[in-house]
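> Pasting the sequence and the predicted model now:
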Amino acid sequence: MISIWMIPAIILIVLVTATLKKVPTYETFVEGSKEGLHIAISLLPFLLGMMVSIAIFQASGAMEAILSIFKPLLSLVGIPADILPLAFIRPISGAAALSMTTELIRTFGPDSFIGQLASVMQGSTDTTLYIITVYFGAVGIKKMGDALKVGLLADLVGIIASIIIVIILFG
Amino acid sequence: MVNLIWALLAVTGIVFAAFNGTMEEVNKAIFSTLDEAIMITLSLAGVLIFWLGLMKIAEEAGLLAALAKVFRPFVKKIFPDIPENDPALGYILSNMTANVFGLGNAATPMGLKAMKELKRLSGSEEASRSMITLLAINTSSLTLIPTTVIAIRMKYGSEDPTSIIGATILATLISTFAALLIDRFFYYRRKRLSGL
């Protein structure tokens, strides 16, 4: 309910304050917008290149093959193997993760252990590779330093945290 | 590193497809992804154009500076390299605020604009300390209400679609906190290595 009020409220506050302060609202809007258009266009090569590479990897079946190696390991620790593909894909592809979450919730039921776990994993982290591609691509950063390592390690912590929290709360 | 990952994903995929007999799927995936990338960029262009226009007005009206002022002590701890009163702070805060309230499509434009401001500060093609921190915060996605997940749960008949909110907030807090710690760790490691 709150969320439908939020964006109109932001627009309202910005426009009223700016008008009171005699900022030329429409002209300023257009000036800022142009930058948005510029960022979007310079982003496309980065995004497209990364997406094609991920798509090839996924469509070839290589990803599934790699995952099947790890599955027995997870079962040993008592974590359902069905959740592994989601944990693996979450940092790489947002669209694939969302369809996997949907599939898990549909198959096992939203209130099952796996359904709850998939929900928490999906909601608690974002697609690291997409964010890095988009954020650095938009401003033309070539050397990304430790960014990828930081992002992926944080994802790992997030995924482990999700598993532990869901085991404690719903297990 | 990203060059290696990028090439490796495609090369592994193609070699694997050759043995797995999935070359047709690979062909299809390549071309459907091209369309998909254009569609994503187009819809991103819409929100970028709108939000950066609106935020420019907010900046001129002094709203971003006001926001930055309120949270200054907090942000100063996370981003010690950004000079006080710099417009970058205002955009970083709007990015974080939009994330927290689940306004995903507003968060990206503000984050990108913040990145641009950070690049102005660093003036180099290498990721600066503040850029890596901003990225770490965004990849661990500090969200209070996971709206998309709740919608999916409702669709498949959950008895309590919002039951996962508490667990999600806890997990997101842990991963964001971990992201900040890991970021700090790598920063001090870089400093130590360059000092030797």
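Noted; the coordinates are in hand.

> Now do stretch B:96-106: distance to the chain's middle.
Computed by C-alpha atoms, centre = their mean, to the nearest Å, the chain-centroid distance of stretch B:96-106 equals 10 Å.

> So for that stretch, first residue to last residue, what's the gap.
Criterion C-alpha to C-alpha, to the nearest Å; first-to-last residue distance in stretch B:96-106 is 10 Å.

> any residues touching that stretch, and which ones?
A:3, A:6-7, A:10, B:47, B:51, B:67, B:94, B:107, B:110, B:137-138, B:141-147 (C-beta atoms under 8 Å, 6 or more residues apart in numbering or on different chains). C-beta here means a position set from N, CA and C on the backbone, and glycine is covered the same way.

> In PyMOL, select just the buried ones from these.
The PyMOL command for the buried members of those (criterion: 16 or more other C-beta atoms under 10 Å in any protein chain shown) is given here:
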select buried, (chain A and resi 7+10) or (chain B and resi 47+51+67+94+107+110+137+138+141+142+143+145+146)
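
> Of all the helix elements in chain B, which one is longest?
With DSSP state H setting the assignment, residue counts place helix B:23-60 as the longest helix in chain B.

> continuing past that one, what's the next helix or strand?
helix B:63-70 (DSSP states H and E).

> Check which residues of that next one are buried.
Applying a neighbour-count criterion of 16+ other C-beta under 10 Å, one finds B:63-64, B:67-68 buried in helix B:63-70.

> quick one, strands of chain B?
Under the criterion DSSP state E, chain B contains no strands.

> Now it against chain A: closest residue?
Using C-beta to the nearest C-beta, B:Lys56 is the residue of chain B that sits closest to chain A, at 2.5 Å.

> dump the residue contacts of that residue.
A:28-29, A:31-33, A:35.

> Contacts only, for B:Met23.
Counting by C-beta under 8 Å, 6+ apart, B:Met23 touches B:Ala17.

> quick one: pLDDT of it?
Note on B:Met23: pLDDT of 95.

> Which strand or helix spans the nearest residue in space to A:Val166 that is not next to it in sequence?
Of all residues not flanking A:Val166 in the chain, A:Leu117 sits nearest, at 4.6 Å (C-beta to C-beta, 6 or more residues apart in numbering or on different chains). For A:Leu117, the host element (DSSP H and E) is helix A:113-124.

> For the helix or strand following that helix, output the C-alpha coordinates as PDB.
Later in the chain than helix A:113-124, the nearest helix or strand by DSSP H and E is helix A:128-139. Listed in PDB are the C-alpha atoms of helix A:128-139, where the atom choice follows Å, rounded to 0.1, in the frame of the first residue of the first chain:
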ATOM      1  CA  THR A 128      26.300  -9.000  -8.800                       C
ATOM      2  CA  LEU A 129      27.500  -9.500 -12.300                       C
ATOM      3  CA  TYR A 130      24.700  -7.400 -13.700                       C
ATOM      4  CA  ILE A 131      25.300  -4.600 -11.200                       C
ATOM      5  CA  ILE A 132      29.000  -4.500 -11.900                       C
ATOM      6  CA  THR A 133      28.500  -4.600 -15.700                       C
ATOM      7  CA  VAL A 134      25.900  -1.800 -15.600                       C
ATOM      8  CA  TYR A 135      27.600   0.400 -12.900                       C
ATOM      9  CA  PHE A 136      31.100   0.300 -14.300                       C
ATOM     10  CA  GLY A 137      30.000   0.200 -17.900                       C
ATOM     11  CA  ALA A 138      28.000   3.400 -17.500                       C
ATOM     12  CA  VAL A 139      31.000   5.400 -16.500                       C
END
